[in-house]
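S.K.: sequence-free structure coming up:
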């Protein structure tokens, strides 16, 4: 199924937490500031309902997104008040993909864990938590994964300041 | 002590009894205190710097917890601080055994945002290089796996063929391990004169050698005893953990991105019917055991040779790189591109705000995802099989830690 078909099906089944979608478009020749938007389309989902959404699209026979390929986050810019949490789903049955984006306020980056739905999210969420300072409520093992346990700050945030030293090692 | 085992029939079937629920129950006569064994950070079988905290009760493993990050080099942060083209050499460094494939994945992601056409000859050379690199990577995976469980000689045999493969790459791009040859827009330069015919000679020789490996190691009685029925990953578990590549196909799931979501020329190659997708069959033990995963890798090498031959037969002269500026400005947007790497799906999720530098470069590393399954399959196996199981996941630490 192409993205339009998937999106229509998601609306028909009233997928929990879905708020809309974003599709690529050419740039508007009359508006000089407009640069257009390229790449992949994605659907927007409420962060609090992401696990329910993942479960619903996995169970639906027309969509059958049984595999979660990736769960990651992104910090678009220092001015933006939201973080993005991006999930890539894959259907082995129907051979299609879906990108999901959740907007998570930087002021309170808390969302429920998706581990009960896809166990692969366990490590992805640990990585997001240490790199972006997101709290995944109910995560079975919320330790750092790539960074040392005593690392301060969220390195992939755009406003991250590099430390000057770490345990006596100069980082300059 | 009573220990219930679901997936790992490592103890002979004559011991224990089957419960009404269908699970097997084993009685162990000696109970010992739980012992925590640190495997690593420096251990030859982890192929890099990784620590696995193994909890053991006598000879049985009761838990395994991988600790990563010793080789974390902030690849994703670097991606947000250098220009699009400058990031390409960093992609070589995650899975250094399959650097061509890494270059390809990143280039495809950026090309998709740019919406440019790649010359056909460039795609052919890219496919040849990616498949040759897959062979080299599987040779290491297979050879070092033999090494891990005690077979030293096959490892040396496999390095002999890999040496030739690396010499071929040295001729085309000057580097033996970190190529940066596949660029955004095509490839760096055209193949030197005589290179393609040498690749053909390599293919001819490799076909003979391949049979040698199978006879020497794959069907070797000791090898089969060490790997069959060990570390079984059932289908549902494979999907739940998001496994890809030979790990997924070893469990009998028919999925290969080269056929099911083709990129570049793979659609055409698949339709020409020249290659197949090998799957785990469980012919020596249980479906999804260590032997099946290795079997898939070994069979894939021969399929890669077929793909290379198809490209050699169909390659035509032409340009090898599209016309792109020195300093790239990528149109705003985001996309995810995943390709079939030797270890599974290597994905790049890239976000651009229209400038010279990426807003986000996310690497979906197959080794990282595949390693997570250890926590689930290790409990209940014998301690002596730990190395066999870790080796069969075929991880590259450069990729798990990025």
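M.R.: Nice, thanks for sending it over. Just so it is clear, the structure is predicted and the values come from calculations on it, not from any experiment.
S.K.: where along the chain do the strands fall?
M.R.: Unless you meant another one, I'm taking chain A. A:18-22, A:38-39, A:42-45, A:67-74, A:82-91, A:96-105, A:110-112, A:135-137, A:165-166, A:169-170 (DSSP state E).
S.K.: wrong chain, I was asking about chain B
M.R.: In chain B, the segments counted as strands under DSSP E are B:2-5, B:17-18, B:24-27, B:35-39, B:42-43, B:48-49, B:51-57, B:60-67, B:182-183, B:186-187, B:333-341, B:344-352, B:360-364.
S.K.: Who are the contact partners of residue A:45?
M.R.: Counting by C-beta atoms under 8 Å, 6 or more residues apart in numbering or on different chains, residue A:45 touches A:15, A:17, A:18, A:19, A:53, A:100, A:101, A:102. (C-beta placed from N, C-alpha, C; glycine too.)
S.K.: Just the pLDDT at it, thanks.
M.R.: pLDDT recorded at residue A:45 is 91.
S.K.: give me the beta-bridge partners of it?
M.R.: With DSSP bridges as the criterion, residue A:45 is bridged to residue A:18.
S.K.: count of neighbours near residue B:302?
M.R.: Using other C-beta atoms under 10 Å in any protein chain shown, residue B:302 is surrounded by 17 other residues.
S.K.: Leaving out chain neighbours, which residue sits closest to it?
M.R.: Excluding the flanking residues, the one nearest residue B:302 by C-beta to C-beta, 6 or more residues apart in numbering or on different chains is residue B:210, at 5.6 Å.
S.K.: Quick check on the contacts of residue A:45: which are buried?
M.R.: Buried by 16 or more other C-beta atoms under 10 Å in any protein chain shown: A:15, A:17, A:18, A:53, A:100, A:101, A:102, out of the contacts of residue A:45.
S.K.: Switch the strands of chain B over to CSV; also include distance to residue B:73 and mean neighbour count.
M.R.: Below are the strands of chain B laid out as CSV (distance: least, C-beta to C-beta, whole Å; neighbours: other C-beta atoms under 10 Å in any protein chain shown):
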stretch, distance to residue B:73, mean neighbour count
strand B:2-5, 39, 13
strand B:17-18, 49, 9
strand B:24-27, 44, 14
strand B:35-39, 23, 13
strand B:42-43, 18, 14
strand B:48-49, 12, 18
strand B:51-57, 18, 19
strand B:60-67, 17, 19
strand B:182-183, 21, 24
strand B:186-187, 26, 26
strand B:333-341, 19, 25
strand B:344-352, 17, 25
strand B:360-364, 11, 24
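S.K.: Switch those strands over to JSON lines; also include distance to chain A and mean pLDDT.
M.R.: Shown next, in JSON lines, are the strands of chain B (distance: least, C-beta to the nearest C-beta, whole Å; pLDDT from 0 to 100):
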{"stretch": "strand B:2-5", "distance to chain A": "20", "mean pLDDT": "45"}
{"stretch": "strand B:17-18", "distance to chain A": "27", "mean pLDDT": "66"}
{"stretch": "strand B:24-27", "distance to chain A": "23", "mean pLDDT": "62"}
{"stretch": "strand B:35-39", "distance to chain A": "16", "mean pLDDT": "85"}
{"stretch": "strand B:42-43", "distance to chain A": "18", "mean pLDDT": "74"}
{"stretch": "strand B:48-49", "distance to chain A": "13", "mean pLDDT": "78"}
{"stretch": "strand B:51-57", "distance to chain A": "12", "mean pLDDT": "87"}
{"stretch": "strand B:60-67", "distance to chain A": "9", "mean pLDDT": "87"}
{"stretch": "strand B:182-183", "distance to chain A": "20", "mean pLDDT": "90"}
{"stretch": "strand B:186-187", "distance to chain A": "20", "mean pLDDT": "88"}
{"stretch": "strand B:333-341", "distance to chain A": "3", "mean pLDDT": "91"}
{"stretch": "strand B:344-352", "distance to chain A": "6", "mean pLDDT": "92"}
{"stretch": "strand B:360-364", "distance to chain A": "4", "mean pLDDT": "92"}
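S.K.: possible to save these as TSV with distance to residue A:27?
M.R.: Conversion of those to TSV gives the following (distance: least, C-beta to C-beta, whole Å):
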stretch	distance to residue A:27
strand B:2-5	60
strand B:17-18	67
strand B:24-27	63
strand B:35-39	55
strand B:42-43	54
strand B:48-49	45
strand B:51-57	50
strand B:60-67	46
strand B:182-183	26
strand B:186-187	26
strand B:333-341	11
strand B:344-352	14
strand B:360-364	21
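S.K.: among the ones you listed, which is nearest residue A:161?
M.R.: Taking C-beta to C-beta, strand B:360-364 is the member of those nearest to residue A:161, at 19.0 Å.
S.K.: partners of the closest one, with directions?
M.R.: Sheet pairing of strand B:360-364 (DSSP bridges) gives strand B:344-352 (antiparallel).
S.K.: OK, contacts around residue B:312?
M.R.: Counting by C-beta under 8 Å, 6+ apart, residue B:312 has contacts B:128, B:196, B:199, B:200, B:203.
S.K.: Sweet, I'm off.
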